Every structure is written in C-alpha cells, then in structure tokens.
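K.L.:
I'll drop the sequence and a predicted model, then ask my questions.
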Amino acid sequence: MDRKKVMVRHSIASLVALGIFGGSRFLYNVIIGRKYGVETLGYTNSIISQAFFVAGFLAFFSVGLGKFTSEFLGKGEYNRIKKLTGISFTFPFLGLILIPLNFHVALLSVLRAIQLTFRSFIYGLHKGELYAYSVILAFPFFLLGFLDGPLLPYYLLLGTIGIFSLSYLVSRSLIGLPGREDTKALIGFSTWAFLGTIAGIFLLQAPYFLTEKLAGNIEAGIVSVALSTAFLLSYLPQILQSAIVPLYAYDYAKGDDKAIKELAENSTLLLSLFSSLLVFGLIFAKSFVEVLFNIKMGAELLLALIGVELYIAYNPLINLLTATKFVKKSAIFSLIGAMVSGIFWILLIPRLGAIGTLLGLTLGYAIIFALVLWESKRKFNINAKILKPTLLAIPLQLLSLKFPYTILIYLITEIKDIEKVMAFLRDIRS
C-alpha cells in the first residue's frame, strides 16, 4: 500500500464530502434563520441535534468496523471484513422503535447512523472517494428540500446517502454472516469506542438542545449561529482524521510504532497551526457573520472559536489512542470532559444563557486537551511542543478584540512551525 497516495486520496475525498456536508449545516442555518427566524432556527437545530445524538448510540459499531476493516486489510484477511458488516449496518434500524416518542428524531437518527457507519467502513476499506460521491449525489436533493418544511433538507440529504450506502454493500456482496470471534472482538472494542464517541457527540450536539431547554429558543438560536460558524473549523480534523486513522490502524497491525509517532506529531502540528490562523480570521470576520445571520453577538463567537480550536488541536492524538490499544483511555478522557461540560451547563445556562453554554463547552474541551496530551506523551513519547501554536494563539486571540495586530506577533513567533508544516505538506505531495 502506498501510504502517501492513500493519505492524499482520503484527504481529498474528505475535503469534498465534509466541505459539502459541513457547508450544508452552515447553509441550513443561514437559510432557515433568515426564512423562519431565530426561534424556529433554535427549535429545528434542537431536533437535529437530538437526532444526531441518538445516532451516536445507533452507530455503536461504526468506529470498530472502520478500525477492524483497516486492520484486516493490512493483514490481507479480506473475507473477515464481511463478517462484521451485517451486524454493524443492521443495528441503526433499532432507532425506529422511537417513532411513537418523536417521529423526526427517530427517523433522522436512523439515517444519520447509517451514514456514520458507512463513512467509517468505507474509509477503513481505503475507498474514501466513494463516500464523497454519495455526499455529492445527495447535495442537490438537500437544496430541493428548502422548497418545503424546515426539516426536509436533512431528510433528503441523509436519505440519499443511506440509499447509496446500502446499495453499494448489496451490489458488492459485502454483507456476510457474523463470525463468533470477530464479532466478540468488535463488541469489545466498540463498547469503549462507543462511550468515547457518545461523549464527543454529547459535546457537539448537547449545546443546542440543552440551551433550548434551559434558556429558550432565542438563546439556542444564538448558540446555533456561534457554533455553526466555529464548527466550520472542525472539518479540518475530520478531513485529516479520515486519512490518518486507517493508517494508524494499518501501521499498528504491522507493528510500526515509529511511523505512528511521526504521523501523529506532524498531523497535530498541522492542525494546531492552521486552526489557530483560521480562528484569527473568523474573529476579524465577526461583523460579516452578524450581517449574514441578521443577529448581534457579544463574546459568544470568540468563546465558541476557542473551544473548537482546543478540540481540533487534540483530535489527532485522541484518534491515535483510539486506533491503537488505548481506546479505554480515550473514552474515559472524553467522558470526563463531557461530564465537566454537563455540570457547568446545568449551572451556567439558566444564569448566563448562550455565554454559559459556550463557557461550559470550552472548559470540557480544555480538560480533554490536557488529559490526551499527557497520555500521548506517556505512551508514545509525543513531543508536547507540537501544540505550541494553539497554546500561544489563545491568549493572543483574547487580546485581538482590542489589539487586532496580535496576529502579526503570532506569525513572527510561529515561523519555524510554519516551515515544518510546509515541509510535511511538500513531502506528502512528492
């Protein structure tokens, strides 16, 4: 396997897919917010977030399926892959039992879980471009959905991807009967991976619906605007994650610890630097965001950006733990961060509204950031200096509200890291 070709192909596929899928959430918020108002925007985002949160439970096997698919591929044991797909793609349909409770949450959660499972599987198979094709195919239907009710765009987007996914599996005869030992291993890994995934999804989705429940639709609308803008940055790690996680698992199966460490350090430095620069840019673009959404914000956008910046910085390292043999630790760290955020949300949202939501989110991500860095250094001897771009950027970003030229200080200070990142990118292209 040509590692560079796989990494480039997966990164391009993810760039296309996540650019469209991630852009669709931003576009959805703009159109629904301007068409129906901030209150309806808060309500619909609450429904979508609840569905996406439930989908994390229904996609129980998705992370494990991707990991074992890549490992079996590295060992040349292709037939073992089919033994895991049946149970992995059947499990999401359990969400249909929720229809009597909430029709929209039930159906959207099933469709989202199928999408998550297919994405993990197809990247584990080193054919990430197929996922990109499914998203490209679904996007025109998403746009057609704006002609009717506020939730129809997501029904059409996720429904099209689901049909594509299941059609591909059937046409390639990739659904087989489960094997006892492989299924046992999948369940064992997925249990811990699932806990970490649910904690991550809780941090991503709970801000919307908890704000609606604890502070009302208007505050939830403000959170929707701030986070939909900030989470545009989160597609950076997802693009890279789709490329590096299969390689982590592949190298782990071959016992190449040196390659794993090198990939983790380079990818973390890349994301830490790029995300910090983009945060500076979005801070300066605050007025444009307010005009775009027809809303005024105070410190909400800055808090959202810093929280997401921390999430991006630790992402390659927590994936390193998950894709090797430390999935329990990564799950525990995510759960601790989620609990910290949950506690602060309960305390702060009723008093501070959107500000309380974003403070709680940032604190949760900061806790995970510290724990993941500590464990990665301990287990893989990861150099902590790779996170210097983030740690330097945050205080300068806070100062940039009054002193906009702090970005120049940042660029001067980070010249060496910029050179390292450019060398890494040139090496991938060569």
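P.N.:
Now that the structure is in, tell me what you want to look at. These numbers come from a predicted model, not from an experiment. Numbering: from 1, shown residues only.
K.L.:
For the nearest residue to V225 once chain neighbours are set aside, give its distance to S228.
P.N.:
Leaving aside its chain neighbours, V225 sits nearest to F293 (4.7 Å; criterion: CB to CB, 6 or more residues apart in numbering). From N, CA and C alone the C-beta is placed, and that goes for glycine too. Between F293 and S228 the distance is 9 Å, computed by CB to CB, to the nearest Å.
K.L.:
any residues in contact with both of the two?
P.N.:
N29 (CB atoms under 8 Å, 6 or more residues apart in numbering).
K.L.:
can you tell me which residues contact the residue nearest to V225?
P.N.:
N29, V30, G33, R34, V225.
K.L.:
Need the max-distance pair from those.
P.N.:
R34 and V225 (11.4 Å; CB to CB).
K.L.:
where along this protein do the strands fall?
P.N.:
Assigned by DSSP state E, the chain shows no strands.
K.L.:
tell me which helix or strand of it sits lowest on mean pLDDT?
P.N.:
Least confident helix or strand of the chain, by mean pLDDT, DSSP states H and E, is helix 235-254 with a mean of 65.
K.L.:
before we move on, back to that, R34 and V225: which has the busier surroundings?
P.N.:
The neighbour count for R34 versus V225, taken as other CB atoms under 10 Å, is higher for V225 (28 against 13).
K.L.:
Just give the closest residue to S173, not the sequence neighbours.
P.N.:
Distance criterion CB to CB, 6+ apart; nearest residue to S173, sequence neighbours excluded, is K82 at 7.8 Å.
K.L.:
what's the answer for L108, then?
P.N.:
Excluding its sequence neighbours, the residue lying closest to L108 (CB to CB, 6+ apart) is A51, at 3.6 Å.
K.L.:
if I look at that neighbour, how far off is L302?
P.N.:
Shown here: A51 relative to L302, a distance of 29 Å by CB to CB.
K.L.:
next one: F53
P.N.:
To L302, F53 is 26 Å away according to CB to CB.
K.L.:
With G162 instead?
P.N.:
Separation of G162 from L302 (CB to CB): 37 Å.
K.L.:
Ok, V421 next?
P.N.:
Applying CB to CB, the value for V421 to L302 is 25 Å.
K.L.:
what sits up against stretch 170-189?
P.N.:
Here stretch 170-189 makes contact (CB under 8 Å, 6+ apart) with 61, 63-65, 67-68, 79-89, 168-169, 327.
K.L.:
Mind checking which of the residues you listed land in helices?
P.N.:
In this view, those that belong to helices under DSSP state H are 63-65, 67-68, 79-89, 168-169, 327.
K.L.:
Would you state the helices of the stretch 1-150 of the chain in chain order?
P.N.:
Applying DSSP state H, counting those that start in this stretch to the stretch 1-150 of the chain gives helices spanning 3-36, 38-58, 62-75, 79-90, 103-124, 128-144.
K.L.:
buried sites along the third one?
P.N.:
Same thing as helix 62-75. 62-74 (16 or more other CB atoms under 10 Å).
K.L.:
and of those, the nearest to F142?
P.N.:
The closest of the buried residues of helix 62-75 to F142 turns out to be S62 (CB to CB; 21.9 Å).
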